[in-house]
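[1] Sequence first, predicted model second:
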Amino acid sequence: MSDLGMSGEEETAVPDPAQPYTPPAFPQHGTEPDGRNAALAAPGDSPWAFPGKPRLPSHLYQFVGLVGGVLFLFLLLLALFPAAVAPYDPAETVGRPFSPPSADFPLGTNDIGQDLLSELIWGTRASLATGLIVSLFAVTLGTVAGLITGYYDNAGSTVLQRFIDLTLVLPFLPLVILLSAYLGAGQRNVILILALVSWAVPARLVRSRVISVKNQPYIEAAEALGSGNKRILFTHIWPAVRSLVLVQFVIVASAAILAEASLSFLGLGDPSAKSWGTMLYFAQASGVFLGDAWLWWVVPAGLMITLTVLCLVLLAYALEYRLEPNLRR
């Protein structure tokens, strides 16, 4: 009689719940027609893998990340040391109103004679700080909410998930304008409002990742061996989520910078703060579009907003490729 333990089948190794977990590649786009995981298919193995995702060479992702990182470092240095670069105090009247670009004023002056280049440089600090602070609060809140709603299955997590769904279906820009008009203009109010309306998307993405992780065999093994919820969340689930959280931090920061500029342009930001959005607001209020002053007042501020959002998007794109294993297969 043959021994049941010698059936010829390989034994399945049970992961040790005491060891830190290394996240595997998670499927995002279904499976192959023959049942294989599309995320684990070899490149070029099937046209079903990653529908709509262009396959780019790895060195191109590295170049994209390098460009985004260098641009962000440049903007970060401007935000940290604006006085070392700006030729004048942005709040000081240093020339005639609406002076065109010259050797003394490379971008000209505004309607009260302030140097626009100095305003542009000092505006980097306010705009970049707003985006990073909003992203920090929104992604932190979204991560906590996503971990709770994804791991726990009780009435509290269900109510929280319904609140996330409600936040997602509300129109973003009208809601932000309404809250800004109600709370009043100010940089703190802008940060608070943008954080309150930006946390739901990271929460939904983190929840989806947590649900896919908690059904893995090693989680069941950890639960069978008596590991508590806190240990499972921080030792096994969090390592699989943190790369997604980092990418979302960069993406939310870029969206917050654009939203802050929009609110400031509408007059709902802090009019005393030097930011790119307030530059656009005062330019429109001064009637620069009736002459040629918009060329050296509006265009540089718009280009700085575009450059900042672009560098953060490039950085997020490269980080996603570097940190998400399924994108490299």
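    Happy to help now that I have it.

[2] Torsion angles phi and psi at the residue most central in space within the chain?
    For the chain, the residue sitting closest to the mean C-alpha position, by Cα atoms, centre = their mean, is residue 251 at 2.0 Å. Main-chain torsions, residue 251, degrees, to the nearest 10: phi -70, psi -40.

[3] so it sits right up against residue 315, yeah?
    No: Residue 251 is beyond contact range of residue 315, at 9.5 Å (criterion: Cβ atoms under 8 Å). Backbone N, C-alpha and C define where each C-beta goes, glycine included.

[4] where in this structure is pLDDT low?
    Across the chain, residues meeting the criterion (pLDDT under 70) sit at 1-57, 325-329.

[5] before we move on, which element is residue 79 in?
    Using DSSP states H and E, residue 79 sits in helix 58-80.

[6] Run through the neighbouring helices and strands of that helix.
    Counting contacts by 3 or more Cβ pairs under 8 Å, 6 or more residues apart in numbering; DSSP states H and E, helix 58-80 packs against helix 116-151, helix 294-323.

[7] what residues are up against residue 286?
    Counting by Cβ atoms under 8 Å, 6 or more residues apart in numbering, residue 286 makes contact with 110, 111, 293.

[8] how far is stretch 217-236 from where the chain is centred?
    Stretch 217-236 sits 30 Å away from the centroid of its parent chain (Cα atoms, centre = their mean, to the nearest Å).

[9] Also stretch 102-119?
    33 Å.

[10] end to end, how far does that stretch reach?
    Using Cα to Cα, to the nearest Å, the end-to-end distance of stretch 102-119 comes out at 16 Å.

[11] can you list the residues that contact that stretch?
    Residues contacting stretch 102-119 (Cβ under 8 Å, 6+ apart): 86-101, 120, 274, 279, 282-283, 286, 288, 293, 296-297, 300.

[12] List only those of those residues flagged as buried.
    Buried subset of the contacts of stretch 102-119 (neighbour count, 16 or more other Cβ atoms under 10 Å): 86, 88, 90, 94-95, 98-99, 120, 274, 279, 282-283, 286, 288, 293, 296-297, 300.

[13] Among the residues you listed, which lie within helices?
    120, 279, 282, 283, 296, 297, 300 (DSSP state H).

[14] And the residue nearest to residue 85 when sequence neighbours are not counted, how close does it get to residue 283?
    Of all residues not flanking residue 85 in the chain, residue 121 sits nearest, at 5.4 Å (Cβ to Cβ, 6 or more residues apart in numbering). Residue 121 is 17 Å from residue 283, where distance means Cβ to Cβ, to the nearest Å.

[15] same check, this time on residue 148
    Distance from residue 148 to residue 283, by Cβ to Cβ: 45 Å.

[16] Could you do residue 214 as well?
    For residue 214, the distance to residue 283 equals 52 Å [Cβ to Cβ].

[17] repeat for residue 94
    From residue 94 to residue 283 the distance is 18 Å (Cβ to Cβ).

[18] How about residue 174?
    According to Cβ to Cβ, residue 174 stands 24 Å off from residue 283.

[19] cool, and residue 209?
    Residue 209 is 43 Å from residue 283, by Cβ to Cβ.

[20] what's the answer for residue 179, then?
    Counting by Cβ to Cβ - residue 179 and residue 283 are separated by 25 Å.
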